[in-house]
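> 3D model of this:
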Amino acid sequence: MPSGSAIVFGATGGIGGEIAARLLARGSLTVIGTYRGERKPQGDAVHWVKFDAASPEPDALRTAVEDVASPLRALLYCIGIPSSKCLVVDTPGGEWVSLFQANCLGFVAAYTALRNLCRASGTRVLVLSSDATRTLREKNGAYTSSKAALESVALTLAKEEAPYGVRINALAPSLVDSTLGRRVLQQKGVDDIAVYTQSQPWGRLLTLREVADAAIGMAIDETWSYSTGQVVRLAAAI
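Have a look, this model is predicted:
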């Protein structure tokens, strides 16, 4: 891939942070990472840009990315929040709104703000979904539907942006061995995480590195240059 930049939304999270670190290790692209809090993360290897999916500021985002002054080759949207694991009828209305805002509408705001940069560079876009949109487990309706909405938006946008040379795909991993993943298991009422892990295909959960490498490959590697409008599931469906 020619030189330029890649922006990772949610680069302070587990998967987003792993993606940013592994992009830096590749060394071919300038890495822009978004953070949500008031404090900018330390270190100057990543060009940090503030972005809150709950209350996005598109003009500030666009200006900050333009200031990096390099073609935007890849956009990876890794922002996401889990649900409280309630039945659909018991999930508060505010939770539905928060999940849809972070897990789907934040991406809409981000891409809308950066669309001209993406179109000018033929950016390859990768959104992080979840295999929950396939398994449709109980007590996960709000989260699952917000990620399903993200997939629908991404696949529709892929058709709309194809004339500009922009490629858009989604990666949908199963549960990842991370701080967030373990918190999700606790919310599900899993007391013995080790026993639960052994019950999974291959006796383990996905690793952060596996998800990050798959996301980077889809967003950067020429092997995936033909693909657009696809949901790729990183899961063992057995």
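> what packs against the helix or strand bottoming out on mean pLDDT in the chain?
Taking mean pLDDT, DSSP states H and E as the measure, the chain has helix 179-187 as its least confident helix or strand, at a mean of 75. When contacts are defined as 3 or more CB pairs under 8 Å, 6 or more residues apart in numbering; DSSP states H and E, helix 179-187 packs onto helix 14-26, helix 193-198. From N, CA and C alone the C-beta is placed, and that goes for glycine too.
> so which elements touch the helix or strand following the last one?
Stepping forward along the backbone from helix 193-198, the first helix or strand reached (DSSP states H and E) is helix 208-220. Applying 3+ CB pairs under 8 Å, 6+ apart, we find helix 208-220 packed against helix 14-26, strand 72-77, strand 124-128, strand 167-173, strand 231-234.
> could I have the CA atoms of the last one written out in CSV?
Included here for strand 231-234 are C-alpha records, laid out as CSV according to Å, rounded to 0.1, in the frame of the first residue of the first chain:
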residue,chain,number,x,y,z
VAL,A,231,-19.2,-9.2,6.4
VAL,A,232,-16.3,-11.6,7.3
ARG,A,233,-17.0,-13.7,10.4
LEU,A,234,-13.9,-14.6,12.5
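> pretty sure Ser98 is touching Pro82, no?
No. In this structure Ser98 lies outside contact range of Pro82 using CB atoms under 8 Å: 10.8 Å.
> start and end of stretch 76-92, how far apart?
End-to-end distance of stretch 76-92: 30 Å, with CA to CA, to the nearest Å as the criterion.
> list phi and psi for the most centrally placed residue in the chain.
Central residue check for the chain by CA atoms, centre = their mean: the C-alpha nearest the mean position is that of Cys78, 2.1 Å away. Backbone torsions of Cys78, given as degrees, to the nearest 10, read phi -120, psi 20.
> can you tell which of the helices and strands packed on helix 179-187 is closest to Thr179?
With distances scored as CB to CB, the stretch of these nearest to Thr179 is helix 14-26 (6.0 Å).
> quick one: contacts of the helix or strand following the closest one?
Next helix or strand after helix 14-26 toward the C-terminus (DSSP H and E): strand 29-35. The contact list for strand 29-35, computed with CB atoms under 8 Å, 6 or more residues apart in numbering, reads 1, 3-12, 16, 20, 23-24, 41, 45-51, 61, 64-65, 68, 70, 73-74, 79, 220.
> same deal with stretch 215-231?
Taking CB under 8 Å, 6+ apart as the rule, stretch 215-231 contacts 1, 6, 15, 19, 22-23, 26, 29, 73-76, 78, 124-126, 128-129, 133, 151, 154-155, 158-159, 162, 167-172, 232.
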